[in-house]
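[1] Fold the following and give me the result.
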Amino acid sequence: MTTRIITVAAAAAFAVSLAACGSGGSGDDQPATASIAEDPVPAGDAGGEDTLALGGRAVSAFVDYGSEHTDPTKVGVRVVKVRKGRISDFKDFDLDAKQRRSVPYYVDAEFENLGHFALSRNLLQASVEDGDGTEYRPLNLIVLSGTFRPCPEYSSAKLRPGDSFTGCSAILLPKGAQLDRVRFQGDVTEDPVFWAPN
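    Predicted coordinates:
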């Protein structure tokens, strides 16, 4: 199968959509794609907030820019686990030289809808920061057949009021960068919440 590289714009930053053979899931030879932000995002001021331990629950403001409801609401967030992966996990993706030298991390977090309307699950994702306070956002993984086993993609179903789910964020940390803390910021006008990675 011929691989394709497509440039797209996503969430106020350019991303690269990468296509490769194999899904890493059902064994079918179907294409899988991943969008990877080209540049890290400088982190905002944490506002003196404490860093929670893994498993600690926070209530965070959230704005769902992916739906017709853009009123602020609340979500419960609990980072369950931070797993260090291997770049070979992405062997079916067309990574560039810099990406092949990076280290994957998988952040498993539970989200609960504390509001009164359904929310877009794919916008409920944790990111990470290095020791310099630079934020690294999750990859946008789209698997057309099967699933990306180390970090399964989100369901397309809306998260209804009162419901919760555990989702996984896949993040590539550049060579030499050290993961310092996990971050969630559901509303850019509010302070983020942080967790220690271990």
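
[2] Please work out how many residues are found near G76.
    With neighbours defined by other C-beta atoms under 10 Å, the count for G76 comes to 15. In this view, the C-beta of every residue, glycine as well, is placed from N, C-alpha and C.

[3] Which element, helix or strand, includes it?
    Here G76 is covered by strand 73-84, with elements defined by DSSP states H and E.

[4] and that strand, C-alpha only, in PDB?
    C-alpha atoms of strand 73-84 as PDB (Å, rounded to 0.1, in the frame of the first residue of the first chain):
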ATOM      1  CA  THR A  73     -19.900  23.500  32.500                       C
ATOM      2  CA  LYS A  74     -18.000  21.200  35.000                       C
ATOM      3  CA  VAL A  75     -16.300  17.900  34.600                       C
ATOM      4  CA  GLY A  76     -14.800  15.500  37.200                       C
ATOM      5  CA  VAL A  77     -11.300  14.500  36.200                       C
ATOM      6  CA  ARG A  78      -9.100  11.700  37.700                       C
ATOM      7  CA  VAL A  79      -5.800  10.700  36.100                       C
ATOM      8  CA  VAL A  80      -5.500   7.000  36.700                       C
ATOM      9  CA  LYS A  81      -2.200   6.000  35.200                       C
ATOM     10  CA  VAL A  82       0.700   7.300  33.100                       C
ATOM     11  CA  ARG A  83       2.400   4.600  31.000                       C
ATOM     12  CA  LYS A  84       5.700   5.000  29.100                       C
END
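
[5] For that strand, buried residues please.
    Residues of strand 73-84 classed as buried: 73-75, 77-79, 82 (neighbour count, 16 or more other C-beta atoms under 10 Å).

[6] So what's the residue count around Y136?
    Residues near Y136, counting by other C-beta under 10 Å, number 24.

[7] so what's it bridging to?
    Y136 forms beta bridges with V128, as assigned by DSSP bridges.

[8] Would you mind identifying the next helix or strand past the strand holding G76?
    Next along the chain after strand 73-84, taking DSSP H and E as the criterion, comes helix 97-100.

[9] next structured bit after that next one?
    From helix 97-100 onward toward the C-terminus, using DSSP H and E, the following helix or strand is strand 103-113.

[10] which residues of the protein fall in strands?
    Under the criterion DSSP state E, strands of the chain are mapped to 5-10, 13-21, 31-37, 41-42, 51-52, 57-62, 73-84, 103-113, 127-130, 134-136, 140-143, 164-173, 179-184, 193-195.

[11] The fifth one pairs with which strands?
    In the sheet containing strand 51-52, its partner strands are strand 193-195 (parallel), by DSSP bridges.

[12] can you give me how far the partner strand is from the chain middle?
    Chain-centre distance of strand 193-195: 14 Å, with C-alpha atoms, centre = their mean, to the nearest Å.

[13] For it, buried residues please.
    So, applying 16+ other C-beta under 10 Å, buried residues of strand 193-195: 193-195.

[14] try stretch 117-124
    Of the residues in stretch 117-124, 118-121, 123-124 count as buried by neighbour count, 16+ other C-beta under 10 Å.
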